[in-house]
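Asker: Sequence plus the predicted model coming up.
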Amino acid sequence: MKKAPNPSKIDAEAPEWGVEAFGKARPAHDVLPGIFGERVAKELLRPRGRPRVAEPKVATNVRYSPEILDYFKADGPGWQTRMEQALCEYISAHPRA
């Protein structure tokens, strides 16, 4: 059973939205420039997170011998990048016919 709302916590200036209010709602990209101006609205609406790369890397599971992992991990953080660089160098030195 749903608990009844606490009347002292109901904000009369910000009532709960109903179907009619949702029907009148407009997307932020239409409303924000009129409220904050174009420059601020553009900053508020910019995409978040890390930019997407043109060629994303592919996750895979690979098994390596302990000697290989120990060799690359011995130099500390960045061992996966160094391992990838070593594989890229191998590919460059051994092109397919």
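Answerer: Right, received. Where do you want to start?

Asker: From the structure, what's the count of residues near residue 22?
Answerer: Using other C-beta atoms under 10 Å, residue 22 has 8 neighbouring residues. C-beta coordinates here come from the backbone N, C-alpha and C atoms, glycine included.

Asker: in what helix or strand does it lie?
Answerer: helix 19-24 (DSSP states H and E).

Asker: Convert the C-alpha atoms of that helix to PDB, please.
Answerer: This file holds the C-alpha atoms of helix 19-24, laid out as PDB (Å, rounded to 0.1, in the frame of the first residue of the first chain):
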ATOM      1  CA  VAL A  19      -0.900  14.700 -18.100                       C
ATOM      2  CA  GLU A  20      -1.800  18.300 -19.100                       C
ATOM      3  CA  ALA A  21       1.600  19.700 -17.800                       C
ATOM      4  CA  PHE A  22       3.600  17.000 -19.600                       C
ATOM      5  CA  GLY A  23       1.600  17.800 -22.800                       C
ATOM      6  CA  LYS A  24       2.700  21.400 -22.600                       C
END
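
Asker: Report the distance from that helix to the chain centre.
Answerer: 30 Å (C-alpha atoms, centre = their mean, to the nearest Å).

Asker: domain parsing for this structure?
Answerer: 19-48, 61-97 (automatic domain parsing).

Asker: quick one: buried residues of the helix or strand hosting residue 42?
Answerer: Here residue 42 sits within helix 38-45, counting by DSSP H and E. Neighbour-count burial for helix 38-45 flags residue 41 (criterion: 16 or more other C-beta atoms under 10 Å).

Asker: Numbering from 40 from now on, please.
Answerer: Noted, 40 is the first residue going forward, which turns the last one into helix 77-84.

Asker: which outside residues touch it?
Answerer: By C-beta atoms under 8 Å, 6 or more residues apart in numbering, the list of residues contacting helix 77-84 from outside reads 67-68, 71-72, 74-75.
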